[in-house]
Structure formats: structure tokens, C-alpha cells
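Trainee: take a look and give me a structure for this.
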Amino acid sequence: MHDELTKIDIQKMQEELDYRTKTLRPEIIEEVKRTRAFGDLSENYEYKAAKQAQRQNDSRMRYLENMIKTAKIIDDDTGADQIGLFDAVTVYMEEDDEESVIRVVTTVRCDPTKGYISKESPLGKAVLGKKVGDRVTVHVSDSYSYTLVIRKLEKGEDNGDAPLMQY
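Mentor: Predicted structure coming up:
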């Protein structure tokens, strides 16, 4: 399966990969060498921490390389009155009697705590392509769904302000 990502997603991932490869990795290797010299490795916490940091960095680099290599580049081709990627959307949750503002983003940039909702999530799938005034049912699972009303749409663009998701 290929992740659908924007050109800016790929650019941000390549920038992080370059940083991790050219700057962070040499620093970590030096830290491993420095802490290895402390002596007995079985009781050397600093060495174990440096090795763990090295494994985490290498893992993140492999993840970024794989994502860049297998990504399918997408563009937002929604109409001026339809919800697309990176648009600010005000939704009214009838069940809770409250409004919230969300932005539908790609899977690598989601952060629900900041209102960045993945286009692959139930909410993201439900609102993409819809218009102001539409009533939308969000199917969370076979046994739970909820209804919301789209109240406002502000067209947006991928300006890179949504950071890459960390794991």
C-alpha cells in the first residue's frame, strides 16, 4: 500500500532525513564512541542510552526513506466550495452541542490535539469533498456513529505549518 502524500510532505521528510543523516547520525556515533570508553559495558548506562538513540535514529531514517520511496504524490483538486486538504472547516457536533475547527491533512501530518485530522480517519473521510451546510454522518465503528453539520469553510493550502508526525 502506498501512502498518499503531498509534495510538501515529501520535502519535509527529505529535510528531516538529510538532517538525521548528515548531522544527527555523526553526533550519535561520536557519543557511542565516547561512552564506550567509560569501561564495563554491562553497567554503562550512558553507552546503552547512546546505542538506543542510535537505533531510534536509524529506525526513523529507514521509515522516512521507505515513505519517500513508496509515496503516491497527490494534489488537492477539490472545488472552491468543497472541503479539501488543509482547508479550515468549522463543524458543529449536534450530539455535544459544540463547534470545532479542523483541518484535513495527510496521514503523516495529523495531530488531532491541534485540529489536524487525517484524511484516512473516519472524520476526514466523511468531510472531504463536502460543502457548507451539509449534514455528515461519521461512522467510527459498526456500533457507533455521529452526525455533524459543516458550518464554515476557509480554503487553505499546504504551507508546511503542520509538522510531521513523530512515532
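Trainee: do I have it right that residue 53 meets residue 31?
Mentor: Yes. Look at residue 53 against residue 31 with CB atoms under 8 Å: they come within range, at 7.2 Å. Any C-beta I mention is one placed from the backbone N, CA and C, and that applies to glycine too.
Trainee: just the pLDDT at residue 144, thanks.
Mentor: Turning to residue 144, the model gives it a pLDDT of 93.
Trainee: how about residue 167?
Mentor: 67.
Trainee: tell me where the model's unsure across the protein.
Mentor: Under the criterion of pLDDT under 70, the regions of the chain flagged as low confidence span 1, 167.
Trainee: now the strands: where do they sit in it?
Mentor: Along the chain, the stretches classed as strands by DSSP state E are 4-5, 72-73, 88-93, 98-105, 116-118, 135-139, 145-154.
Trainee: so which of the ones you listed is the most surrounded?
Mentor: The highest average neighbour count among the strands of the chain, using mean count of other CB atoms under 10 Å, belongs to strand 116-118 at a mean of 21.
Trainee: just give me how far that strand sits from the chain centre.
Mentor: Mean-position distance between strand 116-118 and its chain equals 8 Å (CA atoms, centre = their mean, to the nearest Å).
Trainee: who does it touch, helix- and strand-wise?
Mentor: strand 98-105, helix 122-127 (3 or more CB pairs under 8 Å, 6 or more residues apart in numbering; DSSP states H and E).
Trainee: and of the ones you listed, who's closest to residue 151?
Mentor: Evaluated with CB to CB, those place strand 98-105 nearest to residue 151, the distance being 6.6 Å.
Trainee: and that closest one, what does it pack against?
Mentor: For strand 98-105, the contact count by 3+ CB pairs under 8 Å, 6+ apart identifies strand 88-93, strand 116-118, helix 122-127 as packing neighbours.
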